[in-house]
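A.B. asks: need coordinates for the following:
(chains A and B)
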Amino acid sequence: MPQAVVIVFKSTHDVIKAKNELAKACIAHELIPTPKEISAECGMSLRLEEPLLSKALDLFQTAGVRYRDDLL
Amino acid sequence: MIYFDHAATSFPKPKEVFEAMADYFFNIGANNGRSGYRMAIKASELVFNIRELLARLFQIKDSARIVFTKNVTESLNIAINGFLVKGDQVVTTSMEHNSVMRPLRYLEQRGQIKIFTVQANREGLVDPEAFADILKKEKIKLVVVNHASNVTGSIVPLDVIAEIAHRHGSRLLADAAQTAGAYPVDAASGDIDMLAFTGHKSLLGPQGTGGLYVREGIELLPLIRGGTGSNSEKEIQPDFLPDQFESGTLNIIGLAGLGAGVKYVLEKGVSNIRRQEMKLTEMFIKEAAKIEGVELFGPGDMDQRVSVVSFNISRCAPSTAAYLLDKHFDIACRSGLHCAPSAHSTIGTLPQGTVRFAFGCFNNAAEVEKGLTALAEISRKEYCKE
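C.D. replies: Numbers count the residues shown, from 1 in each chain, chains lettered A, B, ... in the order given. Take a look at the predicted model:
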């Protein structure tokens, strides 16, 4: 089973925007409360399978979704 | 009751507004942006979608540049207090509401800023070249204009003013209190730097909702700071939108109503709403002008105004006329200075002000006819003469 990655965003606005972009592109994802190990948080994060990460990040880049690339 | 006070607050609201508010209260209830349980996610999605609807309405590319406030006054206060610093100069017009003039005068009284005023003509219209004259001579940081006057309904051509302001290195803050939802407001092609709007007038939302669009590159300081649900490990306010300006719990139930109002406006179409409201306005102005003793204010050209009409009845104080309209004719309207003393000074109606009819998208010709009949009767009778 592929490893899961968690993407943390700047703002809730970006989490929802990211979620909508992934849904439009049919990329499986799950909204989760930001794990407690990650101190820099906006309450919600996105979890997806690692092989889908680069496609997801491309989508975020195009749509202007602000994610915390410093934590990836 | 015939309601002609839409410039203050629109009434009634579409039923979808109540339904959206009830749905939030019954089925969602949680805060946005703080937690990750499903109710909270729904709340965050709701707020996101409302921002997107507003971005569509105002042609704004990135909805994160819209911040929610409790009304247009708060939006204008954020823009004015957050943008100007000591030594700055501002140009505004003689048609502004106190929501602009009071924050500006406060900064002026404290010796922070200098204000230049473009004088409107007796119809409430401003000549864009008058802005250019000041901007050529003075270093102006911000131009603040009321898109449409809440006294005369007169419209300011935002795109022309923006072009002049930008040519001289200034920024434009537009007060869209009377236009958002009733007249096309295009932040992109209008080249607007900051756009302040309220939710409870022509956007058909409830009181307690409003917003400010801040164009990318505009650096503003927030009025208040606090919890945003983001960057919580830091005791320093986030510097990104919308969080920077949305500390504390949002009025989500109000925003749910605002979202439904904006959706209604988008579905109906601003140009259709405008056509309908201006038909009533034109009918009213044309017929009221024939009533002896009625004096009308504002532009005669319908293209240069919104559906806000000020008038007076000879020998009848505006407050008396509004009282009679309510008591004897069941017509709700506003009289007095409408929080815009300098606009009344411009059209020569200080200190008593005017009576104001403001037509909304739920008014109809039969109501306007009743309004005209009432005016004719009041101007004929001895009501006001004792």
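A.B. asks: where exactly do the strands run in the chain?
C.D. replies: You didn't pick a chain, so chain A it is. Here chain A has its strands, by DSSP state E, at A:4-8, A:30-33, A:44-49.
A.B. asks: look at chain B instead
C.D. replies: Listed in chain order, the strands found in chain B under DSSP E are B:2-3, B:66-69, B:88-93, B:113-118, B:142-146, B:171-175, B:194-198, B:210-214, B:294-296, B:308-313, B:331-332, B:334-336, B:354-358.
A.B. asks: indicate which one of the ones you listed is closest to chain A.
C.D. replies: Taking Cβ to the nearest Cβ, strand B:66-69 is the member of the strands of chain B nearest to chain A, at 9.7 Å. (Glycine included, C-beta is placed from N, CA and C.)
A.B. asks: does that closest one come close to chain A?
C.D. replies: No. Legend: contact between strand B:66-69 and chain A by Cβ under 8 Å from any Cβ of the partner chain is lacking; minimum distance shown is 9.7 Å.
A.B. asks: so what touches that strand?
C.D. replies: By Cβ atoms under 8 Å, 6 or more residues apart in numbering or on different chains, the list of residues contacting strand B:66-69 from outside reads B:47, B:51, B:54-55, B:58, B:60, B:75, B:78, B:209-214, B:241-242, B:244-246, B:250-251, B:255.
A.B. asks: count the neighbours of the residue of the stretch 51-200 of chain B found nearest chain A for me.
C.D. replies: Taking Cβ to the nearest Cβ as the measure, the stretch 51-200 of chain B has B:A64 as its residue closest to chain A, at 5.0 Å. Residues lying near B:A64 (other Cβ atoms under 10 Å in any protein chain shown) number 24.
A.B. asks: list the contacts of it.
C.D. replies: Residues in contact with B:A64 (Cβ under 8 Å, 6+ apart) are A:11, A:13-14, A:17, A:66, B:51, B:240-242.
A.B. asks: just the buried ones from those, in ChimeraX syntax?
C.D. replies: One line in ChimeraX is enough to select the buried members of the contacts of B:A64, burial here meaning 16 or more other Cβ atoms under 10 Å in any protein chain shown:
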select /A:11,13,14,17,66 /B:51,241,242
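A.B. asks: which of the contacts of B:A64 fall in helices?
C.D. replies: If you go by DSSP state H, the contacts of B:A64 have A:13-14, A:17, B:51 in helices.
A.B. asks: how far away is the residue most central in space within chain B from B:P299?
C.D. replies: Closest residue to the average C-alpha location of chain B: B:A177 at 0.4 Å, with Cα atoms, centre = their mean. Distance of B:A177 to B:P299, given as Cβ to Cβ, to the nearest Å: 18 Å.
A.B. asks: same check on B:L324?
C.D. replies: B:L324 is 27 Å from B:P299, where distance means Cβ to Cβ.
A.B. asks: try B:P242
C.D. replies: Distance check for B:P242 against B:P299: by Cβ to Cβ, it reads 36 Å.
A.B. asks: same deal with B:T69?
C.D. replies: Where B:P299 is concerned, B:T69 sits at a distance of 30 Å (Cβ to Cβ).
A.B. asks: tell me which of these two has more neighbours.
C.D. replies: When B:T69 and B:P299 are compared for neighbours, B:T69 comes out ahead with 25 against 19, by other Cβ under 10 Å.
A.B. asks: hey, what's the more buried one bridged with?
C.D. replies: With DSSP bridges applied, the residues forming beta bridges to B:T69 are B:G210.
A.B. asks: cool, B:V143 as well?
C.D. replies: Beta-bridge partners for B:V143, by DSSP bridges, are B:V91, B:L172.
A.B. asks: right, and it touches B:V90 too?
C.D. replies: Yes. Counting by Cβ atoms under 8 Å, B:V143 does reach B:V90; the two are 7.5 Å apart.
A.B. asks: next one: the lowest-mean-pLDDT helix or strand in chain A, is it in contact with chain B?
C.D. replies: The least trusted helix or strand in chain A, going by mean pLDDT, DSSP states H and E, turns out to be strand A:30-33, with a mean of 90. Yes. Residues of strand A:30-33 contacting chain B under Cβ under 8 Å from any Cβ: A:31-33.
A.B. asks: please name the residues that touch the residue of the stretch 151-300 of chain B found nearest chain A.
C.D. replies: Evaluated by Cβ to the nearest Cβ, the stretch 151-300 of chain B has B:S230 as its residue closest to chain A, separated by 4.0 Å. Going by Cβ under 8 Å, 6+ apart, B:S230 touches A:10-12, A:41-43, B:33, B:238, B:243.
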